[in-house]
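sequence-free structure coming up:
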């Protein structure tokens with residue numbers, strides 16, 4: 001690491017600690033040439049996959065799009081913003097752990113729907129209605145019936 005004072009490349013780490021809830025490493029350094037001390041922070045450079053849209057176009061992954069969709073679906077629902085951030089974070093982590101360079105937008109949409117189904121069923125139906133382009137009341141009814149069956153099946157597994 002280059003010294004910001006004398007620009008020598010000869011620096012030494014004298015202390016390392018985790019920062020930002022373990023997502024950064026804070027390092028205290030001392031320059032071997034001029035003796036000045038300074039702090040550096042290391043952050044992992046994460047590569048998220050590109051998103052393949054329905055029309056075939058590709059764009060970079062944007063967590064704000066997921067966040068906006070969640071906020072819209074959860075509008076006037078008793079869910080705190082930390083739950084939204086947790087969902088966005090979990091989806092990012094899942095996509096990174098898969099290691100794919102590209103992922104279909106439909107896969108991301110399904111991840112959002114899975115998270116909403118567990119968090120708030122009203123928000124789930126709201127999101128599904130837009131995501132799956134419901135055309136009439138029957139589509140809502142079918143989705144609610146599917147949700148009720150899933151909820152019942154999950155309840156039976158717990159017992």
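That came in fine, so what should we check first? Since the model is a prediction, treat every value here as computed from it, not as a measurement. Numbers count the residues shown, from 1 in each chain.

every contact and neighbour count from this point should use C-alpha atoms.
Noted.

low-confidence ranges, the protein, go.
Counting by pLDDT under 70, the chain has low-confidence residues at 45-46, 155-159.

which parts of it are strands?
11-19, 24-31, 37-43, 50-52, 58-60, 102-104 (DSSP state E).

just want the angle from the longest one to strand 37-43.
Between strand 11-19 and strand 37-43, the angle formed by their directions is 50 degrees, by axes from the mean of the first three to the mean of the last three CA atoms, to 10 degrees.

pull out the buried positions in strand 11-19.
For strand 11-19, the neighbour count (16 or more other CA atoms under 10 Å) marks residue 11 as buried.

what do you get for the last one?
Burial within strand 102-104, assessed by neighbour count using 16+ other CA under 10 Å, is assigned to 102-103.

what lines up beside it in the sheet?
strand 50-52 (parallel) (DSSP bridges).

hmm, who's touching the partner strand?
With contact meaning CA atoms under 8 Å, 6 or more residues apart in numbering, strand 50-52 is reached by 58-61, 101-105.

okay, domains of this protein per the record?
11-43, 50-158 (automatic domain parsing).

which residues of the protein fall in helices?
For the chain, applying DSSP state H gives helices covering 63-73, 81-98, 105-119, 121-131, 137-158.

what is the fourth one packed up against?
When you say that, I think you mean helix 121-131. Contacts defined by 3 or more CA pairs under 8 Å, 6 or more residues apart in numbering; DSSP states H and E place helix 121-131 against helix 63-73, helix 105-119, helix 137-158.

quick check: buried residues in that helix?
Buried-residue list, helix 121-131, by 16+ other CA under 10 Å: 121, 123-129.

over to the first one?
Of all the residues in helix 63-73, those buried under the rule 16+ other CA under 10 Å are 66-67, 69-71, 73.

and the last one, by the same measure?
Of the residues in helix 137-158, those buried under the neighbour-count criterion (16+ other CA under 10 Å) are 140, 143-144, 147.

how near is residue 48 to residue 20?
Separation of residue 48 from residue 20 (CA to CA, to the nearest Å): 20 Å.

picking that back up, of the strands of the chain, which is nearest residue 93?
strand 102-104 (13.5 Å; CA to CA).

and the nearest residue in space to residue 2 that is not next to it in sequence, how many neighbours?
Leaving aside its chain neighbours, residue 2 sits nearest to residue 9 (4.3 Å; criterion: CA to CA, 6 or more residues apart in numbering). The local packing of residue 9 (other CA atoms under 10 Å) involves 13 other residues.
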